[in-house]
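> output the structure for:
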Amino acid sequence: MIFDNKSLKLSLVLILLPLLILPVFGQTQSQQIKLTSGGTINVGFSTDPANPNPGDQTELKISFINKQNTIQQHIDYRVTVTQGQNQVFGIPITHTAEGSVSIPYQFQNAGDYQVIVSVEGILFQPIPPETATFSITVGGSQPTQSTQPVQPKSGCLIATAAFGSELAPQVQFLREYRDNTIMATVAGSSFLNAFNTVYYSFSPTIADAERTHPLLQETVRAGISPLLGILQMAKFSTIGNNNLSVMISGIMASSLIGATYLWPAGLAVKSIRESKKPNLRIILAIISGVLSLTLISVLTGNTQFIMITTSATVLTFVGLGAIYSSWVISKIMRKANTFL
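Residues are numbered from 1 along each chain as shown. Just a heads-up that it's a prediction; the model follows:
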């Protein structure tokens, strides 16, 4: 059988390994919302951290909100940051398919800044530029003592180092998928909060190594490419920002990640290579148990419980994907050997 003692031990290893692969991100902040100068659309704006200091990596989070109070997709926009009469940062006209963007910037000096968002096209139709202006005070407040744990900085450090910039399309996709899909639900955000603790414990070291070793950077970039494809499929399979849809797409992504990255570990286990047929009863029992607990946690709204059950769901399907893919490969190899 595929689930003997050795296989169960392997499963524990397999479900932990994705922590070295999945890039996840931090938390979002509440937004200021202003109507553009022409009255066509609302623009939401926030920063992460909420009170940036000079030298801090800051995310400028911008969303475009239509009159139906939903995110407006396919916006052409540009962003300018000024201090006094001087422009200190800007990006040229850019298109966002999602309707929400997160732009990294590091303020160099304390003081008051203006962030000017110019909307110049909606749904591929150009419009006369309309602006919304937001004020930021950098270094204007001192950090206060808190008993809450310090949250890690937002960002996919490993992917950013691999692709060379936080403005790389691949990194922007990961960020938009985080902000607009996963973090939009209780189940998704709870899992990411649990995952962040582990991810940020090792990702800075790996990212630093990538920057100083070009060969490692190229290797990581190639290794991330299948993950980007998997997350693209998961994104397209998500219908609406609700817990059920995100959980279904998450299960699909977890299974594919396990099958893509971890099948060699499964082949190393003799019981999997030689198994004739998986024990479906055990598999269904595990899946039913994990999904039932996840459903109960979401319905009760207990944050800690949701973090545990959503993590267990992801890890379970990563392990099952790895075990099944390695079993299928070993079966194909056995059949191929009969013809040799």
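
> where is the longest helix in the protein?
Counting by DSSP state H, the longest helix found in the chain is helix 303-338.

> which strands and helices lie in contact with that one?
Helix 303-338 sits against helix 5-16, helix 186-212, helix 243-261, helix 263-267, helix 270-274, helix 280-300, with contacts defined as 3 or more C-beta pairs under 8 Å, 6 or more residues apart in numbering; DSSP states H and E. For glycine as for every other residue, the C-beta is placed from the backbone atoms N, C-alpha and C.

> nearest to residue 218, out of these?
Smallest distance to residue 218 across the helices and strands packed on helix 303-338 (C-beta to C-beta): 9.2 Å, for helix 186-212.

> and the closest one, what's buried?
186-196, 199-200, 203, 207, 210 (16 or more other C-beta atoms under 10 Å).

> what do you get for stretch 77-85?
Across stretch 77-85, burial judged by 16+ other C-beta under 10 Å covers 77, 78, 79, 80, 81, 82, 83.

> check contacts around residue 255.
317, 318, 320, 321 (C-beta atoms under 8 Å, 6 or more residues apart in numbering).

> for residue 335, state which of those residues is nearest.
For the contacts of residue 255, the residue nearest residue 335 by C-beta to C-beta is residue 321; the value is 21.6 Å.

> any idea how far that closest one is from residue 47?
Applying C-beta to C-beta, to the nearest Å, the value for residue 321 to residue 47 is 38 Å.

> domain-wise, how is this structure divided?
Here the domain assignment for the chain is 5-24+156-338, 32-138, based on automatic domain parsing.

> worst mean pLDDT among these?
Out of the domains of the chain, domain 5-24+156-338 stands lowest, with a mean of 80 (criterion: mean pLDDT).

> how far does that domain sit from its chain's centre?
Its chain's C-alpha centre and that of domain 5-24+156-338 lie 11 Å apart, by C-alpha atoms, centre = their mean, to the nearest Å.

> do stretch 112-128 as well
What separates the centre of stretch 112-128 from the centre of its chain is 26 Å, taken as C-alpha atoms, centre = their mean.

> and stretch 38-51, by the same measure?
Counting by C-alpha atoms, centre = their mean, stretch 38-51 comes out at 21 Å from the chain centroid.

> stretch 74-90 now?
Distance of stretch 74-90 from its chain centroid, counting by C-alpha atoms, centre = their mean, is 26 Å.

> contacts for that stretch next, please.
Contacts for stretch 74-90 (C-beta under 8 Å, 6+ apart): 41, 60, 62, 64, 91-97, 99, 101, 103, 105, 108-109, 111-124, 126.

> distance between the ends of it?
Stretch 74-90 stretches 20 Å from its first residue to its last (C-alpha to C-alpha, to the nearest Å).

> which residues touch residue 238?
Contacts of residue 238 (C-beta under 8 Å, 6+ apart): 181, 245, 246, 248, 249.

> hmm, I typed the wrong one, I wanted residue 34.
42, 43, 45, 132, 133, 134.

> recalculate using a threshold of 10 Å.
Residues in contact with residue 34, defined by C-beta atoms under 10 Å, 6 or more residues apart in numbering, are 42, 43, 44, 45, 117, 131, 132, 133, 134.

> same question, residue 294
187, 191, 243, 247, 305-306, 308-314, 316.

> equivalent analysis for residue 212, please.
residue 161.

> residue 164 versus that one, what's the distance?
13 Å.

> what do you get for residue 94?
18 Å.

> before we move on, what about residue 191?
Taken as C-beta to C-beta, the span from residue 191 to residue 164 is 28 Å.
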